[in-house]
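**Student:** Sequence below, structure please.
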Amino acid sequence: MSEKYNKITPGFVTQIFEKQHEKFVCVDQGFTASDQVDRENEKGEPVDIDMQTEEYQPFNMAQPGRDYYFLYVHAGVEAENIGPFSTEQERSNALEKHRENKGREEYDSYFAFNVVKGSTVDF
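**Tutor:** Numbers count the residues shown, from 1 in each chain. Sure, this is the predicted structure:
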């Protein structure tokens with residue numbers, strides 16, 4: 001029996017696109033596997049294995065990158081878009097620091113949002 005083999009699973013990819021500033025941008029994607037599975041050695045020859053000895057490996061697809069922002073609305077009137085940040089935690093830290101520096105006034109509001117990496121954000 002072979003110590004190494006390729007597992008080949010046909011299927012299809014579904015991508016969801018949204019229009020953002022005149023371009024359609026992929027915002028999510030997933031892989032749907034078929035029931036057909038082939039196993040072959042490095043020479044491309046079929047390999048027969050006991051399925052109980054194969055550890056399950058999920059199909060994890062890389063998702064589109066994200067940029068993280070928050071919108072600060074001062075006194076319910078003046079809007080300021082702040083970001084992008086690389087992670088949600090980085091955004092949270094910046095938002096807390098912003099609150100500390102600005103103080104909290106009546107009608108001040110904060111809105112967190114995410115966009116596909118590299119998207120243009122206008123308010």
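**Student:** Now do the same contact list for Asp122.
**Tutor:** Applying CB atoms under 8 Å, 6 or more residues apart in numbering, one finds that Asp122 lies in contact with His21, Asn81. For every residue, glycine as well, the C-beta is placed using N, CA and C.
**Student:** how about the helix or strand of the chain with the lowest mean pLDDT: buried residues?
**Tutor:** The helix or strand of the chain with the poorest confidence is strand 23-33; it has a mean of 87 (mean pLDDT, DSSP states H and E). Neighbour counts using 16 or more other CB atoms under 10 Å place Val25, Val27 of strand 23-33 among the buried residues.
**Student:** could you dump that strand to CSV, C-alpha only?
**Tutor:** Taking only C-alpha atoms (Å, rounded to 0.1, in the frame of the first residue of the first chain), the coordinates of strand 23-33 have been written out as CSV:
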residue,chain,number,x,y,z
LYS,A,23,-17.5,47.2,-10.2
PHE,A,24,-18.8,43.8,-9.1
VAL,A,25,-16.6,42.5,-6.2
CYS,A,26,-16.6,39.0,-4.8
VAL,A,27,-17.8,39.1,-1.2
ASP,A,28,-18.1,35.4,-0.4
GLN,A,29,-17.4,32.0,-1.9
GLY,A,30,-17.9,28.4,-1.2
PHE,A,31,-17.0,25.0,-2.7
THR,A,32,-19.6,22.2,-3.3
ALA,A,33,-18.0,18.8,-3.6
